[in-house]
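Student: just a sequence and a predicted model for now, questions to come.
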2 protein chains.
Amino acid sequence: MKKMIIASTSTLHGGGYLDYLLPTLTEFFKGRRSLLFVPYARPGGISHDEYTQRVRDAFAPLGISVTGLHEYEDAAAAIAKAEAIFTGGGNTFLLVTQLYKNNVMNALADAVKTGTPYLGSSAGSNVTGLTMQTTNDMPIIYPPSFQTLGLIPFNLNPHYLDPDLQSKHMGETRETRIKEFHQFNTIPVLGLREGSWLEVSGDKITLKGDLQARLFRQGKDPEELAAGSDLSGLR
Amino acid sequence: MKKMIIASTSTLHGGGYLDYLLPTLTEFFKGRRSLLFVPYARPGGISHDEYTQRVRDAFAPLGISVTGLHEYEDAAAAIAKAEAIFTGGGNTFLLVTQLYKNNVMNALADAVKTGTPYLGSSAGSNVTGLTMQTTNDMPIIYPPSFQTLGLIPFNLNPHYLDPDLQSKHMGETRETRIKEFHQFNTIPVLGLREGSWLEVSGDKITLKGDLQARLFRQGKDPEELAAGSDLSGLR
C-alpha cells in the first residue's frame, strides 16, 4: 500500500530544514530506523555528500539514520532494500536526468507501490506526478524524457505562487504558464503552496497543512481546494 | 552581415506591444516593406493567426506588411526569401520544438548570417543564444534538443529579475537558477532586464536601453554591465 508525504517545500520562511513537517514525519516514519536519501537534485549545486549531511542532521532527532543513494554501487538494489525513502528538492531537470541515467525510475516507483514510505519535497514531489512538465526549474540539463514516477494520477506545481498584483514585471505568472501547459496536455495540475503537502495512503490522497491549494484543469476555471480536501478522484 | 535586435521583452509595464522599441525598429527595418513573423511560441496559448494579427497591427504604422510563418507550405523557403524576420515571445520549449519540427532551425540561422534583419523578443531572443537552457519557461512540450540558433556566442536570460529581498517565498531566485546552470555548463549567461536589448551588427554586440545587464560566468561573481557596453568579446 502506497504511503507518501508529498510536500511543496522543505523549508518555510524563517524556519529550519523540514522543521514544519517534523511532527508529521515522526508519525509517518514511526518504526523505521533508516532512510535512503536521493540527493540528485542538488539545490544551488551543492554536492551529494553535503546535501545528504543536511538531511542526516534533520533526521537525527527522530533516531533515523540516513544514507545517500550516491553512496551505493547498485542504486536500484539500495532502493529495493530501503526502509524508507526521501527525495529532496533542487533542480527537477537534474533529478529526472539522474534517475534515468542511474536506471532507478522504475525501482523507485516499484518500491513505493509495494509500501516503502516515501517523502518528497519540491523537485522530489514533482517527480511523483505523471510528468515533470509543470516544474518551475531551469532546464540546465536535457533529460531523456519528461515522464516521471506516476505515483499520483496528476501533476504538481510545488512552491505555487499567486500573481503579484503590484508587480510591473511582464514575465508570465505561474497561472499563465500552467494555462500554456493545458494548451497541449490534459493532465490536471495541482498548485501546492509552501506549507501544504499531500498525504497518500493507498489510493487516498488528502491535502494537508493550513492552506488552500489551486487546481488547474484543461478548459476549466482554476479552483481553490480547502485544506483537508480529498483528491483521490482527481485525474 | 548579421543585423539583429534581441529584446528582453516585447512590452513594458503600462505600454503597448513593442511601443518602447518603435523608434529603434523604424531605423532598424528602414527600406523593408515586409516582415515574416514566427508565431510558434504562442504566449498564453493564443493561436498563430491571433498572434500574427497583433504583430501586423504593431508594424502597420511603419508601413511594413506582416505574414505569419505558419501561412506558408514551405517554411524554410519563406525564411530564405524574407525581407526581415521577427520571432515573438511566449513559451521557449514550444518555440524550439516547432522550429525543429518544421525543420527551420538551420534556415533561420542561415538567413540571419547572410544579412536578413532579425528581431527577437523574449523566447524569440532566447533562441538566438547557444542553448535555450536559461529560459524561464515551463517545459510544456519536450523538444528534440535544447540547442538553439547560436547567433550570439552566449546564452540569454530575458525578463531578468533581481531577487526580491522582501519575499518570503522559498522558491529559487533567478540568480540561484543560473548558478545551478553553471554547475554543468560553461556558457556565459546575460541577464537582460525588461527595457534592455542587444544590437548586433556583424560581430559587434552592444547593450542598448537605459538599464544595466547582469552577466553570469562559471566560477566568477556576477557582474553589472553598463548600458552601451560592448559585448563583442564575450564567450
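Tutor: Done, it's in.

Student: the worst-scoring helix or strand of chain A on mean pLDDT packs against which elements?
Tutor: Least confident helix or strand, chain A: helix A:174-181 with a mean of 93, by mean pLDDT, DSSP states H and E. If you count contacts as 3 or more CB pairs under 8 Å, 6 or more residues apart in numbering or on different chains; DSSP states H and E, helix A:174-181 packs onto strand A:189-191, strand A:213-216. Every C-beta, even on glycine, is put in place using the N, C-alpha and C of the backbone.

Student: apply 10 Å and report the result again.
Tutor: strand A:155-157, strand A:189-191, strand A:213-216, helix B:92-101 (3 or more CB pairs under 10 Å, 6 or more residues apart in numbering or on different chains; DSSP states H and E).

Student: partner strands of the first one, with direction?
Tutor: So the one you mean is strand A:155-157. Here strand A:155-157 is paired, per DSSP bridges, with strand A:189-191 (parallel).

Student: give me the mean pLDDT for the partner strand.
Tutor: For strand A:189-191, mean pLDDT is 98.

Student: which strand or helix spans the residue located most distally from the centre of chain A?
Tutor: Within chain A, the residue lying farthest from the chain centre (CA atoms, centre = their mean) is residue A:168, at 30.8 Å. Assigned by DSSP states H and E, residue A:168 falls within no helix or strand.

Student: now for residue A:127: which residues touch it?
Tutor: A:6, A:38, A:40-41, A:87, A:92, A:95-96, A:99, A:105, A:108-109, A:120, A:135, A:147-151, A:156 (CB atoms under 10 Å, 6 or more residues apart in numbering or on different chains).

Student: coming back round to it: let me have the helices and strands packed on helix A:174-181 in CSV, extended by distance to residue B:187 and mean neighbour count.
Tutor: What follows is the helices and strands packed on helix A:174-181, written out as CSV (distance: least, CB to CB, whole Å; neighbours: other CB atoms under 10 Å in any protein chain shown):
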stretch, distance to residue B:187, mean neighbour count
strand A:155-157, 28, 26
strand A:189-191, 31, 27
strand A:213-216, 33, 22
helix B:92-101, 16, 23
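
Student: save those as a markdown table, and put in distance to residue A:51 too.
Tutor: Putting the helices and strands packed on helix A:174-181 into a markdown table (distance: least, CB to CB, whole Å) gives the following:
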| stretch | distance to residue A:51 |
| --- | --- |
| strand A:155-157 | 21 |
| strand A:189-191 | 26 |
| strand A:213-216 | 27 |
| helix B:92-101 | 28 |
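
Student: which one of the ones you listed lies nearest to residue A:34?
Tutor: Closest approach to residue A:34 among these is made by strand A:155-157 (27.0 Å; CB to CB).

Student: and that closest one, average pLDDT?
Tutor: 97.

Student: other residues contacting that strand?
Tutor: By CB under 10 Å, 6+ apart, strand A:155-157 touches A:6, A:8, A:120, A:122, A:125-136, A:148, A:174-175, A:177-178, A:181, A:185, A:187-193, A:198, A:213-214, A:216, B:138.

Student: switch the cut-off to 7 Å
Tutor: A:125-126, A:129-131, A:133-134, A:174, A:178, A:187, A:189-192 (CB atoms under 7 Å, 6 or more residues apart in numbering or on different chains).

Student: filter the residues you listed to the buried ones?
Tutor: A:125-126, A:129-131, A:133-134, A:174, A:178, A:187, A:189-192 (16 or more other CB atoms under 10 Å in any protein chain shown).

Student: which two of those residues have the greatest separation?
Tutor: A:130 and A:174 (18.9 Å).

Student: in contact with the residue farthest from the centre of chain A, which residues are there?
Tutor: Contacts of residue A:168 (CB under 7 Å, 6+ apart): residue B:13.

Student: relative to residue B:197, how far out is it?
Tutor: 18 Å (CB to CB, to the nearest Å).

Student: if we can go back for a sec, the contacts of residue A:127 in helices, which ones?
Tutor: A:92, A:95-96, A:99, A:105, A:108-109 (DSSP state H).

Student: could the residues you listed go into TSV alongside distance to residue A:30 and pLDDT?
Tutor: Formatted as TSV, the ones in helices among the contacts of residue A:127 follow (distance: CB to CB, whole Å; pLDDT from 0 to 100):
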residue	distance to residue A:30	pLDDT
A:92	30	97
A:95	27	98
A:96	31	98
A:99	28	98
A:105	28	98
A:108	22	98
A:109	24	98
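
Student: ok so, going back, tell me the buried residues within the contacts of residue A:127.
Tutor: The neighbour count (16+ other CB under 10 Å) marks A:6, A:38, A:40-41, A:87, A:92, A:95-96, A:99, A:105, A:108-109, A:120, A:135, A:147-149, A:151, A:156 as buried among the contacts of residue A:127.

Student: buried residues in stretch A:3-18?
Tutor: Within stretch A:3-18, the residues that qualify as buried are A:3-12, A:18, counting by 16+ other CB under 10 Å.

Student: and that stretch, anywhere near chain B?
Tutor: Yes. For stretch A:3-18, a contact with chain B is found by CB under 7 Å from any CB of the partner chain, at A:9, A:11-13.

Student: wait, doesn't residue A:18 sit right on residue A:57?
Tutor: No. If you go by CB atoms under 7 Å, residue A:18 and residue A:57 don't touch, sitting 9.8 Å apart.

Student: what does chain A have sitting close to chain B?
Tutor: Residues of chain A lying near chain B (CB under 7 Å from any CB): A:9, A:11-13, A:44-45, A:91, A:132-136, A:138-142, A:146, A:159, A:161, A:168-171, A:176-177, A:179-181, A:183-185, A:194.

Student: how about 6 Å then?
Tutor: A:9, A:11, A:13, A:44-45, A:91, A:133, A:138-142, A:146, A:159, A:168, A:170-171, A:176-177, A:180-181, A:183-184, A:194 (CB under 6 Å from any CB of the partner chain).

Student: just the buried ones from those?
Tutor: Buried members of the residues of chain A next to chain B, scored by 16+ other CB under 10 Å, are A:9, A:11, A:45, A:91, A:133, A:138-142, A:146, A:159, A:170-171, A:176-177, A:180-181, A:183-184, A:194.

Student: among those residues, which lie within helices?
Tutor: Those of these lying in helices (DSSP H): A:176-177, A:180-181.

Student: can you give me the strands for chain A?
Tutor: Here chain A has its strands, by DSSP state E, at A:3-7, A:34-38, A:65-68, A:85-87, A:118-121, A:155-157, A:189-191, A:197-201, A:204-208, A:213-216, A:223-225.

Student: tell me which residues touch residue A:104, please.
Tutor: Listed by CB atoms under 6 Å, 6 or more residues apart in numbering or on different chains, the contact set of residue A:104 reads A:75-76, A:79.

Student: filter those to the buried ones?
Tutor: A:75-76, A:79.

Student: wait, which of those residues is closest to chain B?
Tutor: residue A:75 (20.0 Å; CB to the nearest CB).
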